[in-house]
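Next input, structure requested:
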Amino acid sequence: MKPIVQISLDLTNIREALEMAEIAVEAGIDWIEAGTPLLLGEGLHAVAALRKAFPEHPIVADLKTMDGGYLEAEMMAKAGATHVVVMGVAHPATIRAVVKAARDYNIQVMGDIMAAPDKVACAKMLEDNGVDYIIVHTGFDERGEDPERNPFDHLHEVVGAVSIPVQAVGGLSVAQAAEMPKHGAPLVVVGAPLVIDQKEFRPSTDKAELKAVLQDLVAQVKGV
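Numbering: from 1, shown residues only. You can find the predicted model right below:
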């Protein structure tokens, strides 16, 4: 697949999320992600607000679903999400429930292998159960205790083990994210590196700089 650039809105309120999404869209971002902090702060209203503001853009709802898979996916699909995220460490029944809801509502499923003891086996299991994409994810807290950890620890093994598109996230710089398609991961996502300041989630205070960074990222990823 052609490289896709996704902005993760790891913010806590709709106003800031819409502000950042507008900058990202102007910079040429393809997909918009309602990050987990945003969903915790605003719920499905955040997805609905993004859908209203950006009717043509795919919207990822990073639910990190662990149970109640059908209902969670259904709610986000009805709010306007085109993609939902289920955790690979969830029970396989939950993964299948999310996939069933996705098929019923014509959306797609991303399977996150964060915290799985065997990342490759988890990715293969997610693919076998029908998810559409794999997320190789090194968690925020995990990196906090061990800053050396990042998706490269498992990325190439996972890419070689599955036949569906892969995304890598967590602990990558913007420059490293831009290189992901060369490593077999065509879904490029950025967010936290742009907005985390001293471990506090907040929007960038320099909007012109943010737009320039995103425009440069899009150009690098797409070779334009």
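
Go through the protein and flag its longest helix.
Counting residues, the longest helix in the chain under DSSP state H turns out to be helix 207-222.

What is that one packed up against?
Contact here means 3 or more CB pairs under 8 Å, 6 or more residues apart in numbering; DSSP states H and E; on that basis helix 207-222 packs against strand 4-9, helix 14-27, helix 174-178, strand 187-190, helix 192-195. The C-beta positions use only the backbone N, C-alpha and C, and glycine is treated the same way.

As JSON lines, these with mean pLDDT would be great.
Putting the helices and strands packed on helix 207-222 into JSON lines (pLDDT from 0 to 100) gives the following:
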{"stretch": "strand 4-9", "mean pLDDT": "95"}
{"stretch": "helix 14-27", "mean pLDDT": "93"}
{"stretch": "helix 174-178", "mean pLDDT": "88"}
{"stretch": "strand 187-190", "mean pLDDT": "92"}
{"stretch": "helix 192-195", "mean pLDDT": "57"}
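
got the ones you listed as TSV, with distance to residue 119 and mean neighbour count columns?
Converted to TSV, those look like this (distance: least, CB to CB, whole Å; neighbours: other CB atoms under 10 Å):
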stretch	distance to residue 119	mean neighbour count
strand 4-9	20	25
helix 14-27	29	20
helix 174-178	18	18
strand 187-190	17	26
helix 192-195	20	19
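
among these, which is nearest residue 62?
Ranking the helices and strands packed on helix 207-222 by proximity to residue 62 (CB to CB) places strand 4-9 first, at 7.2 Å.

where in the protein is pLDDT low?
Low-confidence segments of the chain (pLDDT under 70): 192-205, 224.

Show me the helices in it, by range?
Using DSSP H, helices in the chain cover 14-27, 36-42, 44-53, 69-79, 92-105, 119-128, 140-145, 155-161, 174-178, 192-195, 207-222.

Same list (those helices) but as TSV, adding distance to residue 1.
Formatted as TSV, these follow (distance: least, CB to CB, whole Å):
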stretch	distance to residue 1
helix 14-27	20
helix 36-42	25
helix 44-53	23
helix 69-79	22
helix 92-105	18
helix 119-128	15
helix 140-145	27
helix 155-161	13
helix 174-178	17
helix 192-195	24
helix 207-222	12
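
Quick check: which of the ones you listed is nearest to residue 184?
That would be helix 155-161 among those, by CB to CB, at 3.7 Å.

Contacts made by that closest one with the rest, please.
113, 119, 120, 123, 124, 134, 136, 166, 168, 183, 184, 185 (CB atoms under 8 Å, 6 or more residues apart in numbering).

mind redoing it with 10 Å?
113, 119-124, 127, 134-136, 138, 151, 154, 165-168, 172, 180, 183-185 (CB atoms under 10 Å, 6 or more residues apart in numbering).

chain center to that helix: distance?
Distance of helix 155-161 from the chain centroid (CA atoms, centre = their mean, to the nearest Å) equals 18 Å.

buried ones in it?
Buried residues in helix 155-161, counting neighbours by 16 or more other CB atoms under 10 Å, are found at 155, 158, 159, 161.
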